[in-house]
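Chemist: build me a structure from this.
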Amino acid sequence: MTISEFISSYVFPVVQWGGWGLFGALLWYVFKHGEKVDKWISRFNGFLMWLGINREKKYVAGDIRWRINSASKKINKEAEGIVTKGVDIVWVDQENVESFLRSGKVMIRMRHHSNQDRNISTAVMHYVKTGVLHTGKIYLPDKIKEALNLSLTKKILSEESDKGTSLEYFCSNELDPLLKNDKEIEKQFSTIELMEYKGLLTRILLREIRALGKKIYPKRPNDEILKETQSFFNFLEPFANHRGGDNDIKEWQFLDKNIQIGILYVAKQTKLDCEGLNPYVKQIDKKIKSGCKKIYVFGRRGNNVVAIKELLRLIEDQITNIKINREYYSEIRGEKVPAICATISIKD
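Modeler: As a prediction, this is how the structure comes out:
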């Protein structure tokens with residue numbers, strides 16, 4: 001948006017409506033950027049810490065709240081609805097930390113410590129445990145669930161790592177000792193980290209687990225469901241370890257009782273040059289006929305992104321009863337490159 005467009009869209013209406021315009025603009029800003037308001041309130045309380053321990057606790061609680069809400073907002077942009085919006089800290093005189101959901105917020109009851117890194121690390125761990133995928137995570141095997149909580153805690157702390165050292169505190173005091181003592185969680189954690197690196201964590205795993213929760217919650221997890229989610233995790237593992245070429249991936253679709261998806265990579269420029277997009281159209285049609293309810297199409301770098309755009313236009317013309325969501329993002333693997341994840345959903 002240019003400066004002239006900003007002025008005409010926002011500044012002129014505010015000036016025209018006077019005080020009411022200013023009040024409306026303020027409400028809009030608070031609604032859209034609540035985490036920034038928390039940040040400034042926290043800083044204000046920081047200037048007043050000399051007034052005593054109660055003011056310090058308000059500062060610490062506000063600091064934790066805006067950091068969590070800011071990082072969570074970024075995660076929700078990758079996968080809407082994954083993270084519960086909102087967190088409140090209640091200080092108590094007990095070492096045992098409690099967290100629960102109330103009115104759409106995560107409430108955390110915890111003891112105040114002079115080490116703010118410890119406070120932030122503890123709060124984020126319990127926020128993730130309670131407020132992320134709370135209706136879907138119960139259907140994951142315990143080791144995967146624990147590894148996922150650790151990875152998401154690290155992800156949130158990484159978002160604010162330039163503003164403090166809580167990430168280092170978490171890794172040294174929580175993450176590293178746990179992974180050292182439990183090799184199975186370490187293996188699952190490493191796989192999830194690779195999924196995050198490849199763009200599969202929020203765009204496939206978390207979305208599908210959330211959809212599963214919406215579909216069957218509050219049904220109690222049983223062996224059948226846990227076996228399915230374990231198999232789904234195992235299905236995604238080769239994609240997380242994928243290093244190019246098709247030989248290291250044997251299965252490109254997962255069909256079970258609750259999860260039915262296919263994955264398609266548009267990556268080989270030589271194939272595009274020789275055969276065009278028709279083979280990809282046929283693959284998508286084949287996946288739909290085999291029972292896939294969703295097909296995730298990935299591509300990176302300019303030529304492949306352009307090819308997927310054209311591919312989506314083709315299948316919209318040739319295949320009925322589908323809905324397509326296009327997500328453009330930048331993939332960073334030592335370099336920033338354009339990437340796309342398109343989700344083709346089959347309408348019921």
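Chemist: remind me, longest helix of this protein?
Modeler: Using DSSP state H, we find that the single longest helix of the chain is helix 53-78.
Chemist: strands of the stretch 1-150 of the chain, residue ranges please.
Modeler: In the stretch 1-150 of the chain, the strands defined using DSSP state E, counting those that start in this stretch lie at 87-91, 98-102, 105-110.
Chemist: please convert these to a markdown table, extending it with mean pLDDT.
Modeler: Below are these laid out as a markdown table (pLDDT from 0 to 100):
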| stretch | mean pLDDT |
| --- | --- |
| strand 87-91 | 91 |
| strand 98-102 | 92 |
| strand 105-110 | 94 |
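Chemist: which of the ones you listed is buried the deepest?
Modeler: The highest average neighbour count among the strands of the stretch 1-150 of the chain, using mean count of other C-beta atoms under 10 Å, belongs to strand 105-110 at a mean of 21. Glycine gets a C-beta too; all of them are placed from N, C-alpha and C.
Chemist: what lines up beside that one in the sheet?
Modeler: Neighbouring strands of strand 105-110 in its sheet, by DSSP bridges, are strand 87-91 (parallel), strand 98-102 (antiparallel).
Chemist: contact partners of the last one?
Modeler: Contact with strand 98-102 is made by 84, 106-110, 126-127, 129-131, 134, as judged by C-beta atoms under 8 Å, 6 or more residues apart in numbering.
Chemist: please apply the same query to stretch 119-129.
Modeler: Contact partners of stretch 119-129, identified using C-beta under 8 Å, 6+ apart, comprise 60, 63-64, 67-68, 72, 87, 89, 97, 99, 106, 108, 110, 112-113, 149, 152-153, 156-157, 164, 166, 169-170, 173-174.
Chemist: I only care about these that end up buried; give me the PyMOL line for that.
Modeler: A single PyMOL command selects the buried members of these (16 or more other C-beta atoms under 10 Å):
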select buried, resi 60+63+64+67+68+72+87+89+99+106+108+110+112+149+152+153+156+157+166+169+170+174
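Chemist: where does pLDDT dip in the stretch 201-348 of the chain?
Modeler: Low-confidence segments of the stretch 201-348 of the chain (pLDDT under 70): 244-247, 332-335.
Chemist: can you show me the strands along it?
Modeler: Here the stretch 201-348 of the chain has its strands, by DSSP E, counting those that start in this stretch, at 253-255, 260-265, 294-300, 322-332, 336-346.
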